[in-house]
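> Provided below are the primary sequence and the corresponding predicted coordinates.
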Amino acid sequence: MPAKNKAVFLDRDGVLNQEMGDYVRRLEDFHILDNFEALKTLQDRGYLLLVATNQGGLAKGWYTEEELGKMHSLLKQTYREHGVEITDFFYCPHHPLFTGDCDCRKPKPGLLLQGIAKYDIDPAQSYFIGDRERDVEAGTAAGVKGILIDSDQPISTVLHQIA
Ligand SMILES: [Mg+2]
Ligand SMILES: [Zn+2]
């Protein structure tokens, strides 16, 4: 059997783009952070790069899936121009006050489990970089090592924690 893949899961706001204090609602407010070299390094080490993000703003009607798609296209395209391929985006469109509970809103591990299943990933060789305790909790629940950073902290500062 071929070896399983390994991945670095990435939270979105505060990791790939600037944390704005709440869900980013407009494309104009979406500011991509310069983590190009660090993510290129992880890619070169053989990791798939997968985004896992809570988007409860969808449940609240603050923006549409189409607008969210534009932000993610911009993110994917900008990183691609710097030689970094973001393989996929997993997002939770729910919010407990609007849509009830779900299995994917972090700290639940659902988004990571989706990625693990879709890309045949070995969680024991994989990581989740996030700027909230709930990211680390979701990682732990999925069997992935969580790495907590400060919001907008460069990913280059935690590369040494990743094999
Ligand atoms: Mg975040
Ligand atoms: Zn959900």
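Ah, there it is. Ligands and ions are numbered 1, 2, ... in the order given.

> gap between residue 125 and residue 145?
Here the distance between residue 125 and residue 145 works out to 9 Å (C-beta to C-beta, to the nearest Å). For the C-beta atoms, the positions are set from N, CA and C on the backbone; glycine is no exception.

> likewise residue 119?
Between residue 119 and residue 145 the computed distance is 17 Å (C-beta to C-beta).

> pull the longest strand from the protein.
If each strand of the chain is counted by residues according to DSSP state E, the longest one is strand 47-54.

> that one: what's the following helix or strand?
Sequence-wise, the next helix or strand beyond strand 47-54 is helix 56-59, with elements assigned using DSSP states H and E.

> show me where this structure has helices.
Counting by DSSP state H, one finds helices in the chain at the ranges 36-44, 56-59, 65-81, 96-99, 110-118, 133-142.

> let's test this: mean pLDDT of the last one, rounded?
Pointing back at helix 133-142 there. When pLDDT is averaged along helix 133-142, the result is 98.

> do the same with the fourth one
Predicted confidence along helix 96-99 averages 95 (mean pLDDT).

> coming back round to it: out of the helices of the chain, which is closest to ligand 2?
If you check each of the helices of the chain against ligand 2 by C-beta to the ion, helix 110-118 wins as the nearest, at 6.4 Å.

> any residues of the protein in contact with ligand 1? List them.
For the chain, the residues in contact with ligand 1 (C-beta under 5 Å from the ion) are 11, 13-14, 131.

> at 8 Å what do you get?
Within the chain, the residues that sit near ligand 1 (C-beta under 8 Å from the ion) are 11-15, 19, 53, 130-132, 135, 151.

> ok, which pair from these is furthest apart?
In those, two members sit farther apart than any others by C-beta to C-beta. They are 53 and 151, at 13.8 Å.

> any shared contact partners between the two?
With contacts taken as C-beta atoms under 8 Å, 6 or more residues apart in numbering, the residues that reach both residue 53 and residue 151 are residue 13.
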